[in-house]
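Asks: Curious how this folds, go ahead:
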Amino acid sequence: MDCTLAFATNTNIDRSSLLALKSHITFDPLNLLRKNWTTETSVCNWIGITCDPINNRVTELNISNMQLVGTIPPEIGNLSSLVLLDMNENSFHGPIPASIFNISSIQVITLRSNALSSELPIDMCKHSLHNLKLLRISSTKLYGEIPSSLGLCSNLELLSLYNNSHHGVVPKDIGNLTLLTRLFLGFNSLTGNIPKEIGYLNNLEMLNMASTGLDGSIPKEIGNMTSLQYIYLDNNALSGAIPQEIVQLDNLLVLSIDSNKLTGTLPSTFSNMSSVNYISLSHNMLNGTLPKEIGNMKALQELYLINNSLT
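Replies: The predicted structure follows:
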């Protein structure tokens, strides 16, 4: 096949893939795709489409916030040069086609705030997705376990599966994602412990596992995550003492672990966390006295300790 024929073939594949998506959209209230995505114009001129200027392959599909209703067809996986897929804030429903997770060039997949319902492929990072940097499929109807193969998406910088119906444990393989800066797993139905391997995420700035049903103790390895700025572990069943190692987090701004089953005393070494401005440890079973050293925390603006057994 000569270059000209291959060029035309690839362009036709991209066009037919997008037209398949258009045909699965049942409601387009702003008429954005119905009027614009037509065979009379080049795919690269369609709304929400960005192409590589050299070979005219579709590299970005961004149709977020268009009030679209419909399903995502498997043909979307034929966009083999796609780098960014953004379908946030629409009303897409039904399963997420597995073909999306076979696009080897893709760096961003964000499908937040839709009604999508399916499991994530158990082998989703084993064969492709090695360039993936951002995966955000939050506030949908995803269910099933979080695949341990996510640990093979070694370039991930943001992982958000927040506010879904995932069950099972937090896979320890997440500890392999050492480039992560944001991790959102809150508001699911997970069980078990926070894996100690999370301590390998020393680039992590935001950790949100609130309202997931996690139990067991907070691993002391959390003290290794020196880039952490925000910790949200509210509304779980975490027990045991607050690990002393948490005071090693020099960049921490927010520590929120209320509504758990924490016991023990408040470490006097809390005062070493000079950057913290918000601490919430309410609704636990903490005891002992309030350490006077907390008065040395000059950045602290809000401190919540209600419904404990402090004396």
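
Asks: tell me which strands and helices the helix ranked longest in the chain is in contact with?
Replies: For the chain, the helix that runs over the most residues, judged by DSSP state H, is helix 3-23. Packing contacts for helix 3-23, counted by 3 or more Cβ pairs under 8 Å, 6 or more residues apart in numbering; DSSP states H and E, involve strand 58-62. (Each C-beta comes from the backbone N, C-alpha and C, glycine too.)

Asks: So what touches the strand it packs on?
Replies: By Cβ atoms under 8 Å, 6 or more residues apart in numbering, the residues outside strand 58-62 that reach it are 14, 18, 43-44, 48-52, 76, 79, 81-87, 105.

Asks: what lines up beside it in the sheet?
Replies: strand 49-51 (antiparallel), strand 84-86 (parallel) (DSSP bridges).

Asks: chain center to the following helix or strand past that strand, what's the gap?
Replies: On the C-terminal side of strand 58-62, the nearest following helix or strand under DSSP states H and E is strand 69-70. Distance of strand 69-70 from the chain centroid (Cα atoms, centre = their mean, to the nearest Å) equals 23 Å.

Asks: and the longest helix of the chain, which residues are buried?
Replies: Within helix 3-23, the residues scored as buried using 16 or more other Cβ atoms under 10 Å are 10-11, 13-15, 17-19, 21-22.

Asks: and of these, the nearest to residue 135?
Replies: residue 21 (20.0 Å; Cβ to Cβ).

Asks: May I have the distance across stretch 116-132, first residue to last?
Replies: Using Cα to Cα, to the nearest Å, the gap from the first to the last residue of stretch 116-132 comes to 20 Å.

Asks: heads up, I number from 203, so please use that
Replies: With 203 as the first residue, the last one maps to stretch 318-334.

Asks: Direction included, what does the helix or strand just after the longest helix of the chain pair up with?
Replies: Read in the C-terminal direction, the helix or strand following helix 205-225 is strand 227-229, with elements assigned using DSSP H and E. Strands that pair with strand 227-229, judged by DSSP bridges, come out as strand 271-272 (antiparallel).

Asks: tell me the mean pLDDT over the partner strand?
Replies: Confidence for strand 271-272, expressed as mean pLDDT, is 98.

Asks: Walking through the stretch 253-402 of the chain, point out its strands one by one.
Replies: 260-264, 271-272, 286-288, 293-296, 310-312, 317-318, 336-338, 345-347, 360-362, 367-370, 384-386, 391-392 (DSSP state E, counting those that start in this stretch).

Asks: what comes up buried for stretch 242-255?
Replies: By neighbour count, with 16+ other Cβ under 10 Å as the criterion, the buried positions of stretch 242-255 are 245-246, 248, 250-251, 253.

Asks: possible to save the residues you listed as a markdown table with distance to residue 265?
Replies: Rendered in a markdown table, the data for these read as follows (distance: Cβ to Cβ, whole Å):
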| residue | distance to residue 265 |
| --- | --- |
| 245 | 14 |
| 246 | 15 |
| 248 | 10 |
| 250 | 4 |
| 251 | 9 |
| 253 | 15 |
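
Asks: Could you dump the strands of the stretch 253-402 of the chain into a markdown table with mean neighbour count added?
Replies: Listed next are these as a markdown table, based on neighbours: other Cβ atoms under 10 Å:
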| stretch | mean neighbour count |
| --- | --- |
| strand 260-264 | 20 |
| strand 271-272 | 18 |
| strand 286-288 | 19 |
| strand 293-296 | 18 |
| strand 310-312 | 20 |
| strand 317-318 | 18 |
| strand 336-338 | 21 |
| strand 345-347 | 15 |
| strand 360-362 | 21 |
| strand 367-370 | 16 |
| strand 384-386 | 20 |
| strand 391-392 | 18 |
